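In: Predicted coordinates and the sequence they were generated for:
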Amino acid sequence: MKGKLICSGKESNILEIRNSDSIVHSYYDMSAPIQFTMTYCSGIAEDGYYNVISVSPNKDYFFSSRTGPKFHEYNDARPMHQHAFFELLLVLEGSILQKIEDKEYLYSAGTCCLINQNVFHSEKYIGEAKVFFIGLSVSFIRELLESRQTFYCRREENVAENHILQFMFANIQLEKGKNYLDFFPAYQNKKSLTELHRISDQLLRAIMLPKLGAVYTIKGLICELMQYLDKKEDYHISCVQLNSSSDQLLFFRIGHLMEDTDGRMSRADLEKALCYSGNYINTVVHKYSGMCLYDYGMTFTLKKAAWLLEETKKPVSAIEIQLGFTNRTHFYKMFKNRYGVTPGEYRRAVKE
């Protein structure tokens with residue numbers, strides 16, 4: 001993705017690259033307020049290839065392709081880099097490894113990552129994958145934040161409360177912060193890929209085929225994407241500090257999925273959703289909670305049971321069925337071990 005992009009035999013400087021020959025790290029700057037890059041990797045076999053389309057308001061679109069050994073050399077030896085801008089990464093197909101400072105994280109289809117200006121990172125392709133990168137300059141973010149002064153609708157004021165904008169604004173103010181945002185789709189969100197594809201396609205179309213008002217279209221789509229990623233029912237956001245362990249992010253994601261499913265997510269389902277082995281998932285859960293995977297999930301189940309007893313008038317038998325218990329004695333025993341009383345006693349105590 002990040003290197004010299006070729007079009008009709010001429011070199012492009014959509015991104016200004018400093019220390020481009022360094023094997024340690026390099027630095028990227030861009031003169032345009034915003035920039036989009038769509039990448040596609042066919043796989044890591046010997047005949048694999050890697051295609052790039054990159055575009056900004058100040059340049060025509062450019063295309064680059066690496067095939068065979070050249071791609072392998074590029075993929076395996078890609079140096080770490082940082083930006084003078086924010087980079088939002090959307091994984092549209094497959095999976096990639098995102099190396100952030102000294103740790104590696106797996107990002108699969110539907111997940112996203114927002115890197116600030118001070119974080120060294122690089123992307124490594126591990127198979128077929130399609131990834132969309134959005135470069136957002138500090139000036140562009142300031143424009144979005146300042147636009148609240150001209151809101152036409154009162155509901156638009158909620159934009160300023162968006163966690164993604166708040167994250168970027170805080171990083172602009174601090175200048176030296178080293179953290180990033182991780183976006184993981186909620187278990188109930190079955191349309192994450194459809195939405196990410198739709199917004200990505202519309203952004204590319206708006207910038208490659210600009211019409212009157214294209215700048216407003218692009219800003220509107222960026223705000224729509226930020227609002228979508230900030231909805232709790234659609235995505236979970238984790239702000240990851242760089243001094244945290246690499247498997248702490250995985251533990252955050254496990255917790256999000258358990259919360260989404262009231263603790264009733266099987267090991268097989270977690271493996272499928274997280275792209276990690278069940279043994280490793282169980283090890284991570286035990287490391288951070290001291291419990292096995294089943295017991296950890298049960299804490300979410302019993303927490304939901306307590307909430308239903310407090311906030312609804314559902315019979316205990318209905319709550320038991322809703323939460324997947326097939327044996328009343330087992331439900332009562334687990335609940336009493338957790339809260340010290342039976343479900344009925346808990347409800348009466350809450351009312352009193």
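Out: All right, it came through fine.

In: Count residues in the vicinity of Phe252, would you?
Out: Phe252 has 18 neighbours, counted by other CB atoms under 10 Å. Any C-beta I mention is one placed from the backbone N, CA and C, and that applies to glycine too.

In: Check what pLDDT it gets.
Out: We have a pLDDT of 92 for Phe252.

In: my guess is it is in a helix, correct?
Out: Yes: assessed with DSSP: H, G, I helix; E, B strand; the rest coil, Phe252 lies in a helix.

In: give me every residue that touches the closest residue to it other than its chain neighbours.
Out: Nearest residue to Phe252, sequence neighbours excluded (CB to CB, 6 or more residues apart in numbering): Ser238, at 4.6 Å. Residues near Ser238 by CB atoms under 8 Å, 6 or more residues apart in numbering: 181-182, 184, 249, 252-253, 256.

In: Format those as a markdown table; extra columns: distance to Leu174 and secondary structure.
Out: Below are those laid out as a markdown table (distance: CB to CB, whole Å; DSSP: H, G, I helix; E, B strand; the rest coil):
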| residue | distance to Leu174 | secondary structure |
| --- | --- | --- |
| Leu181 | 15 | strand |
| Asp182 | 19 | strand |
| Phe184 | 25 | strand |
| Leu249 | 21 | helix |
| Phe252 | 22 | helix |
| Arg253 | 26 | helix |
| His256 | 26 | helix |
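
In: Which one of those residues sits in the busiest neighbourhood?
Out: Ranking the contacts of Ser238 using other CB under 10 Å puts Phe184 first, with 24 neighbours.

In: which of the residues in stretch 219-237 are buried?
Out: 219, 221-223, 225-226, 228-230, 234-237 (16 or more other CB atoms under 10 Å).

In: so which helix or strand takes in the residue nearest to Phe252?
Out: strand 235-241 (DSSP states H and E).

In: Compile the contacts of Ser238 into a markdown table and extend it with columns for distance to Cys275.
Out: Shown next, in a markdown table, are the contacts of Ser238 (distance: CB to CB, whole Å):
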| residue | distance to Cys275 |
| --- | --- |
| Leu181 | 20 |
| Asp182 | 14 |
| Phe184 | 12 |
| Leu249 | 13 |
| Phe252 | 15 |
| Arg253 | 10 |
| His256 | 15 |
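
In: Tyr28 contacts Met80, doesn't it?
Out: No: applying CB atoms under 8 Å, one finds Tyr28 not in contact with Met80, separated by 11.4 Å.

In: Now do Gln227, the pLDDT please.
Out: pLDDT, Gln227: 93.

In: typo on my end, Leu15
Out: For Leu15, the model assigns a pLDDT of 66.

In: residue ranges of the helices in the stretch 51-200 of the chain, please?
Out: 68-76, 138-146, 163-174, 192-208 (DSSP state H, counting those that start in this stretch).

In: what does the average pLDDT come to for the third one?
Out: Mean pLDDT, helix 163-174: 89.

In: how about low-confidence regions in the stretch 201-350 of the chain?
Out: Under the criterion pLDDT under 70, no range of the stretch 201-350 of the chain is flagged.

In: Pull the contacting residues for His286.
Out: Cys292.

In: Distance check, it against Pro315.
Out: Between His286 and Pro315 the computed distance is 35 Å (CB to CB, to the nearest Å).

In: Please enumerate residues in contact with the helix or strand where Ala306 lies?
Out: Using DSSP H and E, Ala306 falls within helix 293-311. Residues from elsewhere that reach helix 293-311, judged by CB under 8 Å, 6+ apart: 254, 258-259, 261-265, 267, 270, 278, 281-282, 285, 289, 291, 314, 316, 319, 322-324, 331, 334-335, 338-339, 343, 346-347, 350.

In: Please identify the buried residues of whichever strand or helix holds Arg348?
Out: Take DSSP H and E as the rule and Arg348 turns out to sit in helix 343-351. If you call a residue buried by 16+ other CB under 10 Å, then helix 343-351 has these buried ones: 343, 346-347.

In: returning to what we had before: which one's more surrounded, Tyr28 and Met80?
Out: Higher neighbour count among Tyr28 and Met80: Tyr28, with 21 against 17, using other CB under 10 Å.

In: doesn't the more buried one fall inside a strand?
Out: Yes: counting by three-state DSSP, Tyr28 is located in a strand.
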